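> Sequence first, then the predicted structure, then my questions.
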2 protein chains.
Amino acid sequence: MTPDDLSGFFVDPATLRRDEHILLDYSFECVGDPREAAAHLCSEQSTAQWRRIGVDEDFRPRFAAKVLDLQVEGRLDGFSYPIPASTAPTGEVRACRVRIAHPHANFGPRIPNLLSAVCGEGPFFCPGIPILKLLDIHFPDAYLSQFEGPKFGIDGLRERLQAYDRPIFFGVIKPNIGLPPEPFCEAGYQSWLGGLDIAKDDEMLADPDWSPLAERTALLGAARQRAERETGTPKIYLANITDEVDRLLELHDTAVANGANALLLNALPVGLSAARMVRRHTQVPLIAHFPFIAAFSRLEHYGVHARVMTKLQRLAGFDAIIMPGFGPRMFTPEEEVMQCVDACLADMGPIRRSLPVPGGSDWAGTLAGVHARIGSADFGFVPGRGVFGHPHGPRGGAASVRQAWDAIARGIPLAEHARHHPELQAALDAFGAKG
Amino acid sequence: MTPDDLSGFFVDPATLRRDEHILLDYSFECVGDPREAAAHLCSEQSTAQWRRIGVDEDFRPRFAAKVLDLQVEGRLDGFSYPIPASTAPTGEVRACRVRIAHPHANFGPRIPNLLSAVCGEGPFFCPGIPILKLLDIHFPDAYLSQFEGPKFGIDGLRERLQAYDRPIFFGVIKPNIGLPPEPFCEAGYQSWLGGLDIAKDDEMLADPDWSPLAERTALLGAARQRAERETGTPKIYLANITDEVDRLLELHDTAVANGANALLLNALPVGLSAARMVRRHTQVPLIAHFPFIAAFSRLEHYGVHARVMTKLQRLAGFDAIIMPGFGPRMFTPEEEVMQCVDACLADMGPIRRSLPVPGGSDWAGTLAGVHARIGSADFGFVPGRGVFGHPHGPRGGAASVRQAWDAIARGIPLAEHARHHPELQAALDAFGAKG
């Protein structure tokens, strides 16, 4: 690039029309001039060729992504991750952070086109930049207002469950694979009686021959209503309708007609846009599960940060977002879990808040830690085996979780509360060594 | 896991019912016993809890993913990529390869559910395995036969274009962002006259306000037919309908009615399942572009290998698959490009072959190298600026590429052929230093 080519990809923040741009924070490692690398990063994701041959024109003022801020963080001994010698640029490596303003009229309020721009060929095949991570994304209200966002959000979920000032208690019905609908239903039913708000299908269980969704939702829809009558409390059966995109609306209708009163989608496997399609159609809350995301979010310096995917799931319209939670089991630093929680809860203009559901090997004994880290009760708690592998069965497992919350809410040490609550005591005995 | 728990996740290859399983090749880095890590890898992606509490049952024989082969490749000084201390298992690290047989009846012929199983929470949140890559996937014909695959495939594309025994010549109309439909159309028209088979929208150009798809396809559809009449040769206008999933079929119908006779989808951004939905509906060839894939495929030891995504795009029904091609510009080792090319061309039971289109900064001078590496003419060649940034304009740019092919086919050195072909000479002069 010539100096003039380069300057067309920088903008003074004071003159930027903020409502016309989304802001993108990337970290990258480059060889060569960081200013030129940052300009290429803008060029490749927007106006890579900004004029026709032989025509005096420049599409950059209106259409180019532009650098708002560039920080060179330092020199590295090499790229953070080995790059095959045949493709590695040679020279001194610098670690940089950049904030880029991208004109959203280039693609409009369309998730697939947004993804293509911000984590597509442009950013990931940028000259001199083999290592890059999209760290964060910020939308102006003018862009957000073109999305529906969650239909219910945290407040709507709480109202449906009549559950305020406490976490929402989920449980993943187990065994997740292989259990026929009738015993599967019985396990869900028992867990509601024990105190779960939401009994859910595992993200791996959808509509297989051995547990057809229509049959399973009919059983669990009826059992859910029975549990509501018996406990006098609203309950949710969260059915997983993850399937081919052209079946989703039909499965939504079947499951809802059968009494499933919330639906699970594996957000990335079906696609965020398919999730948005279901959101436009849905009558019930939609819950996201996180398969596939770790494949591009786990490494510190490469890929796409998990909080970006959390924001996009919220934008797509999920009322609750299940995400990798705390503890070494989920390979996610506490700071990152909190960033994803914040992405659910922070102000996002006209878009409702999603319920964050950080999960992973939870049971009664891990509830206090999750609550303390989040610092409020605005979260979902989602044990699997902690409820359904409890020695007393799912009813006892669910009870142990509710007892743990009672202890926390009343400031009573768990071990003390367990003395008069055998389900909690059994959980401590069975899972305590692991906790 | 107890020794008995563990043995339930291993199977003797001689007794495996091959037609009931997909095979998954993973590399992983683990701490602890590699056999236990491999068993967990199976357990977490299938029957993580294989019996109810208090019931004598075992879902593993029918439903568990199982280890077919495990190779411990060696000890490492640490994980290949740094893992945050708070989440890293401590102990000696071993690099392993494993082949796992996963019963496909667990999820059926559904791409989202397949993805959830093979690169979802199970594999990427497996105890002791923070570093993992899905390297390859193999399907039995019994599974493949439940997919439509490409409607046309290479042979159908060649027949439509009446183009045999040579590469298919694509070109990405540039400037890609900001150019209004009329001059955009003129550029495409000129490129067809110059010899392109397929003039295409950039993957970043879809249906923005400043170039509505309906208006653009009407112009280019008509220009395509005019170019066919004038050249006496079939031509393709490849329109990008990447958009929200619930608009795809409508955009297909609009574009096809207007004369677009092939359609581009950004496969991962719309989702592979949405692509399959379009495949079930389409009247024209479907072409995939590769945004987002590099975010999880580039690093050697983490994520999902690009050839897996190529196979899945073929399975979803793409007739041609644009992929990162040769040369350092695309950060993809030659071996990996070839593995993706092979994934398009190799036998896949009842699924037609897709045309591989390895791309990246191509022009007339890079054609011989691509041809030599692939070793046949069964590929698509897709310059952007190499045609539309050519000093003589798009017509000259397209001619330069066709002239390069003539020279290759006749065994004439490029420089020699250029002496009597000014477009080729101009390309060598303009792009040669970079080539």
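Okay, I see it.
> close to chain B, is stretch A:185-205?
Yes: residues of stretch A:185-205 are located near chain B by C-beta under 8 Å from any C-beta of the partner chain, namely A:187, A:203-204. To be clear about C-beta, it is placed using only N, CA and C from the backbone, and glycine gets the same treatment.
> and that stretch, how far apart are its ends?
Distance between the two ends of stretch A:185-205: 13 Å, counting by C-alpha to C-alpha, to the nearest Å.
> Could you name the residue of chain A that is farthest from its center?
If you look at how far each residue of chain A sits from its centre, by C-alpha atoms, centre = their mean, the farthest one is residue A:54, at 47.4 Å.
> What residues does the closest residue to that one other than its chain neighbours make contact with?
Once flanking residues are discounted, residue A:54 sits nearest to residue B:393: 6.9 Å by C-beta to C-beta, 6 or more residues apart in numbering or on different chains. Residues counted as contacts of residue B:393 (C-beta atoms under 8 Å, 6 or more residues apart in numbering or on different chains) are A:53-54, B:187, B:190.
> Can you name the residue of chain A nearest chain B?
With distances taken as C-beta to the nearest C-beta, chain A approaches chain B most closely at residue A:271, which sits 2.4 Å away.
> can you pull out the strands in the stretch 51-200 of chain A?
Assignment of strands within the stretch 51-200 of chain A using DSSP state E, counting those that start in this stretch yields the ranges A:66-76, A:93-103, A:131-138, A:168-172, A:198-200.
> deepest of those, which one?
Neighbour counts (mean count of other C-beta atoms under 10 Å in any protein chain shown) averaged over each of those peak at strand A:198-200, with a mean of 30.
> strands paired with that one, and their directions?
Counting by DSSP bridges, the strands paired with strand A:198-200 are strand A:168-172 (parallel), strand A:236-240 (parallel).
> Distance from the chain centre to that strand, please.
18 Å (C-alpha atoms, centre = their mean, to the nearest Å).
> got it, and stretch A:161-180?
For stretch A:161-180, the distance to the chain centre is 18 Å (C-alpha atoms, centre = their mean).
> do stretch A:3-18 as well
Remark: stretch A:3-18 is offset 33 Å from the chain centroid, using C-alpha atoms, centre = their mean.
> Ok, stretch A:106-124 next?
On the basis of C-alpha atoms, centre = their mean, the separation between the geometric centre of stretch A:106-124 and that of its chain is 18 Å.
> Check stretch A:85-94 too.
Counting by C-alpha atoms, centre = their mean, stretch A:85-94 is centred 34 Å from the centre of its parent chain.
> Now the terminal residues of that stretch, how far apart.
Across its full length, stretch A:85-94 reaches 18 Å end to end, with C-alpha to C-alpha as the criterion.
> now swap in stretch A:201-208 and tell me
Distance between the boundary residues of stretch A:201-208 (C-alpha to C-alpha) amounts to 12 Å.
> surely residue A:285 meets residue A:352?
No: no contact is recorded between residue A:285 and residue A:352 when judged using C-beta atoms under 8 Å, the distance being 11.0 Å.
> Can you show me the helices along the stretch 251-400 of chain A?
With helices called from DSSP state H, counting those that start in this stretch, the stretch 251-400 of chain A shows them at A:267-270, A:272-281, A:294-297, A:306-316, A:334-345, A:367-374, A:385-388, A:393-410.
> Now render these as JSON lines, adding mean pLDDT.
Supplementary listing: the helices of the stretch 251-400 of chain A in JSON lines, determined by pLDDT from 0 to 100:
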{"stretch": "helix A:267-270", "mean pLDDT": "98"}
{"stretch": "helix A:272-281", "mean pLDDT": "98"}
{"stretch": "helix A:294-297", "mean pLDDT": "98"}
{"stretch": "helix A:306-316", "mean pLDDT": "98"}
{"stretch": "helix A:334-345", "mean pLDDT": "98"}
{"stretch": "helix A:367-374", "mean pLDDT": "97"}
{"stretch": "helix A:385-388", "mean pLDDT": "95"}
{"stretch": "helix A:393-410", "mean pLDDT": "98"}
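> Looking at these, spot the one closest to residue B:225.
Shortest distance between residue B:225 and these, using C-beta to C-beta, is found for helix A:272-281: 31.9 Å.
> low pLDDT regions in chain A?
Residues of chain A that meet the criterion pLDDT under 70 lie in A:433-435.
> Identify all contacting residues around stretch A:173-191.
Contacting residues not belonging to stretch A:173-191 are listed as A:171, A:199-202, A:204-205, A:210-212, A:215-216, A:219-220, A:223-224, A:226-227, A:237, A:384-385, A:387-389, A:393-395, A:397-398, B:46-52, B:59, B:62-63, B:106 [C-beta under 8 Å, 6+ apart].
> Spell out which residues sit in contact with the residue nearest to residue A:398 when sequence neighbours are not counted, please.
Distances taken as C-beta to C-beta, 6+ apart place residue A:194 nearest to residue A:398, at 2.9 Å, with adjacent residues excluded. With C-beta under 8 Å, 6+ apart as the criterion, the residues that contact residue A:194 are A:387, A:394-399, A:402, A:423.
> Give me the phi and psi for residue A:258.
Main-chain dihedrals, residue A:258, degrees, to the nearest 10: phi -80, psi -10.
> State the number of residues packed around residue A:183.
Each residue near residue A:183 was counted by other C-beta atoms under 10 Å in any protein chain shown, and the total is 14.
> whoops, I mixed them up, residue A:13
The local packing of residue A:13 (other C-beta under 10 Å) involves 12 other residues.
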